[in-house]
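Novice: Sequence and predicted model, in that order:
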Amino acid sequence: MGKQIRWVLETKSPANGILDVDVDQAFTYAKHPEVNAVFYCLCDGRELRIYQTSLLPEAALRFSLKYEE
């Protein structure tokens, strides 16, 4: 009790890339009252994205890195 979860990491297959539905799903997990994570991440092996949970998914992207970079 009293501890805050900082991160939720959602992994996806690289076959489809990261879709809007994946972002929404990870946001829902991170925002859940029992989790209440500060950030949530999505990774499909080709791209890593980090979002801030306190913002709506459309505005929450804080960092993105593609494998090629």
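Specialist: Yep, it's here. Residues are numbered from 1 along each chain as shown.

Novice: what's the pLDDT at residue 5?
Specialist: As predicted, residue 5 sits at a pLDDT of 72.

Novice: ditto for residue 30
Specialist: Confidence score, pLDDT, at residue 30: 93.

Novice: Find the helix or strand that it is a member of.
Specialist: helix 20-31 (DSSP states H and E).

Novice: Ok, residue 9 next?
Specialist: Per DSSP H and E: residue 9 is located in strand 7-11.

Novice: which residues are in contact with that strand?
Specialist: 22, 25-26, 29-30, 35, 37-44, 53 (C-beta atoms under 8 Å, 6 or more residues apart in numbering). No exception for glycine: its C-beta is placed from N, CA and C like everyone else's.

Novice: quick revisit: after the helix holding residue 30, next one along is what?
Specialist: Tracing the chain C-terminally past helix 20-31 and defining elements by DSSP H and E, one meets strand 39-43 next.

Novice: Return that following strand as PDB; C-alpha atoms alone will do.
Specialist: What follows is strand 39-43, C-alpha atoms only, in PDB (Å, rounded to 0.1, in the frame of the first residue of the first chain):
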ATOM      1  CA  PHE A  39       3.400   5.900 -17.900                       C
ATOM      2  CA  TYR A  40       2.500   3.200 -20.300                       C
ATOM      3  CA  CYS A  41       4.600   1.800 -23.100                       C
ATOM      4  CA  LEU A  42       4.000  -0.100 -26.300                       C
ATOM      5  CA  CYS A  43       6.600  -2.200 -28.100                       C
END
